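**Q** Show me the folded form of this:
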Amino acid sequence: MSLRFFRILFCLILAGLLLPDPRPAEALPDQVRIPPDVVRTLGIETMVVSPGRGVRVIRTNGVVAMIDDRIRYVTPRSIHRLAIFGYVRRVYADTGDLVTRGQVLVTVFSPDYIEAQQEYLQSIRLERISDRSPSTRPFSPKIREAALARLKNLGVVDREIALLEKTGIVHKNLKIRSPISGYVLTKMAVSGQAINSGDRLFVIANLDWVRINAQVYQQDVPFLGLGQTMKVRLPDTGLTLSGRVIYISPVTDPKTRTVTVRGIFFNKPLRLRPGMFLPVRVLVPAGGTGLWIPKKAVFLAGGHPVVFLQEQKDLFRIRRVSVGASEGGLVPVTSGLHPGERLVVRNGFWVKAQFERGK
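**A** Coordinates of the predicted model:
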């Protein structure tokens, strides 16, 4: 015999031991009485029925992908478009490392950097001299601003510029920093190599937000809309994460007859890794409003769906209802139930056992 049979048998025996006669003289045939203390002991819970909007669940699969505008390519920027920008001195990050914005990734010996520093120092000296001559005074600030812009174009940060102004010491090695916080996906920089302006030294991606591309069959596409809830379940932990739909492709794949639906998910801490294949659910609000109740609140009695209502603290009534297809753990009730009635939504099998015992 199945485990379910023994579980039901145990519940019926326990109900018979705990509960008094369920059908006192004052109870009608479709009613039973259960003392309030027994209701608490058995964990029977109820809720007041109210109109609400149900959901339709579209189930499919999806692949985690990076967001394009959260990827950065770290490249040296030259001033004069020289054949060789410089030479890599030291590399401080490797593939897979988590780096922060402004963190030094590599130092490069760069003639452009040396020249830009010297020009900036000369512009400061010229500005001091020009203050004594009214004829040249208007031009000196513009010269200094141009020299400062060249330094910033190379990626020199403000504190390094302030140190250059204070000490007047020209440094040979340019520090190239990470433009964003994220993970190093690719590292091409190697100590000693010659690099040109525009060469990719690193590829860094911020994974705090990721997208999931799901494939939805064309018959389900009319129910989709931007902003709808998209859920994924992690296979290792069973954790469910929620996002929202941000894109629905206008094109159907001619081979699979599916449409790409893209959701965006917050991913901090890192749980969704690019390339993961996951089950996806899109929650589509059902049309119209009605009575939606938990699926576990509906039972079968005599081949018909029934629910149990609490009319008093110790009085429960059984009632036949008509229900639709369940979606997302909820079922729509089309007849037999009215707003404001108190419905048994947890451990209703105890109440059912009392009705069976009272027959």
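
**Q** Please name the residues that touch the closest residue to residue 221 other than its chain neighbours.
**A** Excluding its sequence neighbours, the residue lying closest to residue 221 (Cβ to Cβ, 6 or more residues apart in numbering) is residue 259, at 5.1 Å. C-betas here are computed from N, CA, C, even on glycine. Contacts for residue 259 (Cβ atoms under 8 Å, 6 or more residues apart in numbering) come out as 215-218, 221, 248-249, 251-253.

**Q** Tell me, how many residues neighbour residue 352?
**A** By other Cβ atoms under 10 Å, the residues close to residue 352 number 23.

**Q** and if you look at residue 232?
**A** For residue 232, using other Cβ under 10 Å, the count is 24.

**Q** which element is it on?
**A** Assessed by DSSP states H and E, residue 232 sits inside strand 229-233.

**Q** which helix is the longest one in the chain?
**A** As assigned by DSSP state H, the longest helix anywhere in the chain is helix 111-130.

**Q** quick one: average pLDDT of the helix or strand just after that helix?
**A** Following helix 111-130 in sequence order, the next helix or strand is helix 140-153 (DSSP H and E). On average, the pLDDT along helix 140-153 is 86.

**Q** that older thread, need the pLDDT of the residue nearest to residue 221.
**A** 96.

**Q** Just want the angle from the host helix or strand of it to strand 229-233.
**A** Counting by DSSP H and E, the element that carries residue 259 is strand 258-266. Interaxial angle, strand 258-266 versus strand 229-233 (axes from the mean of the first three to the mean of the last three Cα atoms, to 10 degrees): 80 degrees.

**Q** Dump strand 258-266 to PDB, keeping only the CA atoms.
**A** Extracted as PDB, the C-alpha positions of strand 258-266 are listed here (Å, rounded to 0.1, in the frame of the first residue of the first chain):
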ATOM      1  CA  THR A 258       9.700  30.500 -30.200                       C
ATOM      2  CA  VAL A 259      10.100  34.200 -29.300                       C
ATOM      3  CA  THR A 260      12.900  35.500 -27.100                       C
ATOM      4  CA  VAL A 261      11.700  37.100 -23.900                       C
ATOM      5  CA  ARG A 262      14.300  38.800 -21.800                       C
ATOM      6  CA  GLY A 263      14.100  39.400 -18.000                       C
ATOM      7  CA  ILE A 264      16.400  41.500 -15.800                       C
ATOM      8  CA  PHE A 265      17.500  40.200 -12.300                       C
ATOM      9  CA  PHE A 266      19.300  41.700  -9.400                       C
END
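
**Q** how much distance is there from that strand to the middle of the chain?
**A** Chain-centre distance of strand 258-266: 11 Å, with Cα atoms, centre = their mean, to the nearest Å.

**Q** Likewise for stretch 29-37?
**A** 46 Å.

**Q** Now do the same for it: mean pLDDT, whole number.
**A** In this model, stretch 29-37 has a mean pLDDT of 86.

**Q** Beyond the least confident helix or strand in the chain by mean pLDDT, next helix or strand please.
**A** Least confident helix or strand, the chain: helix 3-18 with a mean of 50, by mean pLDDT, DSSP states H and E. Remark: after helix 3-18, the chain's next helix or strand is strand 31-33, criterion DSSP H and E.

**Q** who does that next one touch, helix- and strand-wise?
**A** With contacts taken as 3 or more Cβ pairs under 8 Å, 6 or more residues apart in numbering; DSSP states H and E, strand 31-33 sits against strand 315-320, helix 348-358.

**Q** out of everything not next to it in sequence, what's closest to residue 323?
**A** residue 331 (4.7 Å).

**Q** Quick one, grab the pLDDT at that neighbour.
**A** Note on residue 331: pLDDT of 84.

**Q** same question, residue 359
**A** At residue 359, the pLDDT value in this model is 60.

**Q** Could you do residue 136 as well?
**A** pLDDT, residue 136: 56.

**Q** So what does residue 160 look like in phi/psi?
**A** Phi and psi for residue 160, reported as degrees, to the nearest 10, are phi -70, psi -40.

**Q** how about the residue lying closest to it once chain neighbours are set aside, secondary structure?
**A** Leaving aside its chain neighbours, residue 160 sits nearest to residue 175 (7.5 Å; criterion: Cβ to Cβ, 6+ apart). Three-state assignment for residue 175 (DSSP: H, G, I helix; E, B strand; the rest coil): strand.
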